[in-house]
Structure formats: C-alpha cells, structure tokens
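1. this one's structure only:
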C-alpha cells in the first residue's frame, strides 16, 4: 500500500460528539498528541464545533468575571491572628 | 490559564509541626487574603467567610501532625475550609438547586455524532463588564448541584490546577474533567437563551 494511503487510513477522525467530550481535556492541554491533532483537524473544518468552543470558552470567562469579590478588609489578618491566639491560649 | 499552584510559597513544615508561633503567623499572613476571597465567593457572605477561615486555621494548627505532606500544605488547608464551608452553604443557600436529571437536560444532544442544534459564536461584547449579566451568571452557578458548583469555583474561578481540584475533592483528574465539563455545558445552556436574545 502506498505510504500516503496508509497514513490517511491510519489517521484518527473524530465526530462532533467526540470533540465535545474532549473539550475540558483540550483546554487543560491534557490530550495525547494524536488526539490533539485529530481534535484540531476536526475543529478547523467544522464551524459548528468552532462556535460551540467559542461559547464554551466564553462561559468559563463569564464565570470567572462574575465571581469578582472586593479586597479583604485591612484588619482581616490581625483579627484572625488575635482570634487564633485567644483560642489557642484557652486550650493551653 | 495561570495555575494557582505556580504562586504557592513554601512553608517550614517542621517549624509548624513543632508549634512555632512565627511559622503559624507566616502561614496566616500569606494565606488569609486568598483563602478569605475563596470563602467569600463560596459563601457569598463576609461574616461567614471570616468565621470559616478562622476556624479552618484553628483546625489546621490543631491537626498539623496529621498532615502527611503528600499534598501541598495550602491544598490541605483549603480542604479543611471547604469542608466547613459546605456545611454552612447547605444551611444558608438561597436558591433551589438542580439535580442530575436537570443537568442531563442541559447537555447538548447529538444525532449521528453531530450536534442536533446549530451553534453560532457569541458576540465578543458578551465579555464586557455588565452587572446584569454578572448577576445572571452568579445565579446560574448557585443553581448548579453543589458538587458541580464546587468544581466550577475551584477550577475555573480560583484557578486551582485539575490535579489540585482532584486532591481536594478526592477524585481522579479524569472525573474532575467530566464533572467540570458537565457543569460548564449546563452553565452555557442556561446563559445561551439570554445572550442570544440580547436581553442581558
């Protein structure tokens, strides 16, 4: 068999459903090299998966932005230390 | 994505185990601000966050001998705080949460390996600072079942590594990714109608 044909036949091809299942691992950089290549090849050719990945990434970003909290009050550390000293001295 | 663990300081474990007050103080000074912000995000109440943090440090000091050194000290500390925060969150929660069946309905469906519904990219301005959208996202996160809410808070918001989240929750890394993926997909589905209609 010709080498290019062997390579083409041995290439891993993914469906949209499989690409979807790999999204978290893809964003973690945890896919093996062969799966990552197949994932990216599918993504390049599939506008639906590109759009879904865009929404998925923006969901993560929106969660991060929604959870902004104010800086802790300046007395936080001293109050915590005072609490701990008091509680630990009671136990001695 | 920056990893939480990249910025972790190292602590003198021997000094901590010998009850050295200076070592404890160094731990409190270094970890309080971040732990407090984590607990504030988790509990959504300053006083609760402060109380849980103080109790978590106290328990950590009292149980430092049980720390095995197989995890980062800070991961162990967050584990103690998380256990306490869970109890309080369940008691005080403001929203009715979804169950697994609700979550199943929020996952995308497929036909012959392809998405059953077409998707379009969300507009870039969806990431603009908008209080109405922030509120919508916060409520959506709070409606997730507790174990899904936790994984979003720890991985996507606190930016712990997947390995650290796995340690904290007693799961494999694969199981963390599966749970995180379901949670993100549920959130996406909850937000999508509002974003596509443009009513936020």
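-> That came through, no problem. If you're wondering where the values come from, they're calculated on a predicted model, not measured in any experiment.

2. Contact partners for residue 16?
-> Using chain A here. Shown in contact with residue A:16 (CB atoms under 8 Å, 6 or more residues apart in numbering or on different chains): A:42, A:46, A:48, A:49, A:52, B:110, B:113, B:114, B:115. From N, CA and C alone the C-beta is placed, and that goes for glycine too.

3. To clarify, I was referring to chain B.
-> B:23, B:24, B:27, B:64, B:73 are the contacts of residue B:16 under CB under 8 Å, 6+ apart.

4. Just the closest of those residues to chain A, please.
-> Distance to chain A, by CB to the nearest CB, is smallest for residue B:24 among those, at 7.3 Å.

5. So the closest one lies in a helix, does it not?
-> Yes - counting by DSSP: H, G, I helix; E, B strand; the rest coil, residue B:24 is located in a helix.

6. What is the neighbour count of it?
-> 21 (other CB atoms under 10 Å in any protein chain shown).

7. Disregarding flanking residues, what is the spatial nearest neighbour of it?
-> Distance criterion CB to CB, 6 or more residues apart in numbering or on different chains; nearest residue to residue B:24, sequence neighbours excluded, is residue B:61 at 5.9 Å.

8. Select only the buried ones of the contacts of residue B:16 in PyMOL?
-> The following PyMOL line selects those of the contacts of residue B:16 that are buried, judged by 16 or more other CB atoms under 10 Å in any protein chain shown:
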select buried, chain B and resi 23+24+27+64+73
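
9. For chain A, which segments count as helices?
-> Using DSSP state H, the helices of chain A run over A:3-10, A:16-21, A:23-28, A:33-45, A:47-66, A:76-91.

10. could those helices go into CSV alongside distance to residue B:95 and mean pLDDT?
-> Output for these, formatted as CSV (distance: least, CB to CB, whole Å; pLDDT from 0 to 100):
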stretch, distance to residue B:95, mean pLDDT
helix A:3-10, 50, 60
helix A:16-21, 28, 98
helix A:23-28, 25, 98
helix A:33-45, 35, 95
helix A:47-66, 15, 97
helix A:76-91, 28, 91
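
11. got these as a markdown table, with distance to residue B:185 columns?
-> Below are the helices of chain A laid out as a markdown table (distance: least, CB to CB, whole Å):
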| stretch | distance to residue B:185 |
| --- | --- |
| helix A:3-10 | 31 |
| helix A:16-21 | 8 |
| helix A:23-28 | 8 |
| helix A:33-45 | 17 |
| helix A:47-66 | 7 |
| helix A:76-91 | 36 |
